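Student: The sequence isn't on hand, but the structure is:
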């Protein structure tokens, strides 16, 4: 009996050995050490809705359809990992009435268009944030909070001022500030409702956020309106202040025209990348400088423990509209044509609005001008 058991045991071992020999052995994949990750971020300037923009997109049933404005830019926006927009106007609802300059209130359907276009980071810290007062801002914030996929920066009804975003194993930290609120004071009981430029407060918030993120980004609503290319002293001085606090990227807006890009030295040996002004994204302003805007494109890289901005540049855009403020559409500059330019309402009134003029502006911005979809 013992001999039989031994024979059976030996046969079993033999079968196992033969089976292993005939089985193809796959190499065990070793975990990647210090993998490289990239995150692409785009940012636009002012989404500024004048009453002509609102009225020209009203439908027969009384609703508003703003989707056609963004069709030419939608693919580009959605190609990035994250997309930022400065929403210059509040969306407080119908009870406040829709209005344009000087106190703006846009239809809430605009927010759905902004999201559908691909924007996930919506800044509302600007000089028009309080145009509809405290209740109007609360109504806007409450409404936007209900839209999944949109995160508001620059204002809040409660909580901390910063926001964190994680994509591709990279954490971006955002803060946002405005130079003012068109003379409207913040409610005494809500001093943190909107983030206003205050160096003591900014230092505190930057120091709190810095350890929580890989890259720290600050949105700044600042500067002198319509000052083309060259930022003013106030902007440059604040940019140095932010660089001294090791901010990685500054996204500037408010002047309604494009301004140059600059790299500033930091105490930690790196550099702060500053886009002083991205100009208008959407507007019906009536000067040729103000329909040329830009989309900032930045690539953040995490290579093991090494963090860097590995690429950046500006994608110019043109806000097109025709006679009667019809056919409003944002075009990437690289797809804007001579035929479209000739139809532009401003060109029909000002023949100095030419591609040569715009090329001259772009050549002065001190950054790579991107004439294709970089993503």
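Tutor: Now that the structure is in, tell me what you want to look at. In this text, all values refer to a predicted model and were calculated from it rather than measured experimentally.

Student: Now do the most centrally placed residue in the chain against residue 61, distance only.
Tutor: Nearest to the mean C-alpha position of the chain, by CA atoms, centre = their mean, lies residue 84 at 1.5 Å. Separation of residue 84 from residue 61 (CB to CB, to the nearest Å): 32 Å. Quick note: C-beta positions are derived from backbone N, CA and C, even for glycine.

Student: Quick one: mean pLDDT for the lengthiest strand in the chain?
Tutor: Counting residues, the longest strand found in the chain (DSSP state E) is strand 306-322. What strand 306-322 shows for mean pLDDT is 98.

Student: Likewise for stretch 236-254?
Tutor: Mean predicted confidence for stretch 236-254 is 98.

Student: Equivalent analysis for stretch 217-229, please.
Tutor: Computed over stretch 217-229, the average pLDDT equals 98.

Student: so how far is it from its chain's centroid?
Tutor: 15 Å (CA atoms, centre = their mean, to the nearest Å).

Student: Enumerate the positions of it that are buried.
Tutor: Residues 217, 218, 219, 220, 221, 222, 223, 224, 227, 228, 229 are the ones in stretch 217-229 that count as buried (16 or more other CB atoms under 10 Å).

Student: tell me the secondary structure for residue 289?
Tutor: Under DSSP: H, G, I helix; E, B strand; the rest coil, residue 289 falls in the helix class.

Student: please begin residue numbering at 72 from this point
Tutor: Sure thing, new numbering starts at 72, so read that last one as residue 360.

Student: Regarding the residue nearest to the centre of the chain, which helix or strand does it belong to?
Tutor: If you go by DSSP states H and E, residue 155 is part of strand 153-158.

Student: Partner strands of that strand and their direction?
Tutor: Note on strand 153-158: by DSSP bridges, its sheet partners are strand 107-118 (parallel), strand 192-194 (parallel).

Student: Check which residues of the helix or strand just after it are buried.
Tutor: Under the assignment DSSP H and E, the closest C-terminal helix or strand after strand 153-158 is helix 180-188. By neighbour count on 16+ other CB under 10 Å, the buried set for helix 180-188 is 180, 181, 182, 184, 185, 186, 188.

Student: How about stretch 416-433?
Tutor: Buried, per 16+ other CB under 10 Å, within stretch 416-433: 416, 417, 418, 424, 429, 432, 433.

Student: Show the end-to-end separation of it, please.
Tutor: Taking CA to CA, to the nearest Å, stretch 416-433 runs 22 Å from one end to the other.

Student: Could you do stretch 132-151 as well?
Tutor: Stretch 132-151 end-to-end distance (CA to CA) = 35 Å.

Student: next one: stretch 345-365
Tutor: First-to-last distance for stretch 345-365 - CA to CA - comes to 14 Å.

Student: got the buried residues for it?
Tutor: 345-356, 359-365.

Student: how about the helices in the stretch 272-421 of the chain?
Tutor: In the stretch 272-421 of the chain, helices defined by DSSP state H, counting those that start in this stretch lie at 304-315, 409-414, 416-420, listed in chain order.

Student: can you tell which of those is closest to residue 122?
Tutor: Relative to residue 122, the nearest member of those by CB to CB is helix 416-420, separated by 15.7 Å.

Student: what mean pLDDT does that closest one have?
Tutor: On average, the pLDDT along helix 416-420 is 97.

Student: how distant is the helix or strand following that helix from the center of its chain?
Tutor: Downstream of helix 416-420, the first helix or strand assigned by DSSP H and E is helix 426-433. Put simply, helix 426-433 sits 24 Å off its chain's centre (CA atoms, centre = their mean).

Student: Can you give the contact residues for helix 426-433?
Tutor: 299-300, 329, 359-360, 363, 385, 387, 389, 404, 409, 412, 440 (CB atoms under 8 Å, 6 or more residues apart in numbering).

Student: what would the residues you listed look like in a markdown table with distance to residue 254?
Tutor: As requested, the contacts of helix 426-433 are exported to a markdown table (distance: CB to CB, whole Å):
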| residue | distance to residue 254 |
| --- | --- |
| 299 | 26 |
| 300 | 28 |
| 329 | 27 |
| 359 | 30 |
| 360 | 26 |
| 363 | 29 |
| 385 | 33 |
| 387 | 33 |
| 389 | 33 |
| 404 | 36 |
| 409 | 44 |
| 412 | 38 |
| 440 | 37 |
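
Student: Return the closest of these with respect to residue 200.
Tutor: Closest to residue 200, out of all of these and judged by CB to CB, is residue 329, at 23.0 Å.

Student: can you pull the pLDDT of residue 106?
Tutor: Reading off the model, residue 106 has pLDDT 87.

Student: Name all residues that make contact with it.
Tutor: Per CB under 8 Å, 6+ apart, neighbours of residue 106: 240, 375.

Student: same check, this time on residue 336
Tutor: Applying CB under 8 Å, 6+ apart to residue 336 gives the contacts 314, 342, 343.

Student: for residue 425, same thing?
Tutor: Counted by CB under 8 Å, 6+ apart, residue 425 has contacts residue 412.

Student: Let me see the contact set for residue 220.
Tutor: Residue 220 neighbours (CB under 8 Å, 6+ apart): 186, 191.

Student: per-residue confidence for it?
Tutor: Note for residue 220: predicted pLDDT of 95.

Student: From residue 185, how far out is it?
Tutor: Separation of residue 220 from residue 185 (CB to CB): 10 Å.

Student: Reformat the buried residues of stretch 288-300 as a markdown table; add distance to residue 324.
Tutor: Output for the buried residues of stretch 288-300, formatted as a markdown table (distance: CB to CB, whole Å):
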| residue | distance to residue 324 |
| --- | --- |
| 288 | 13 |
| 289 | 12 |
| 290 | 8 |
| 291 | 8 |
| 292 | 6 |
| 293 | 8 |
| 294 | 9 |
| 295 | 13 |
| 298 | 13 |
| 299 | 14 |
| 300 | 15 |
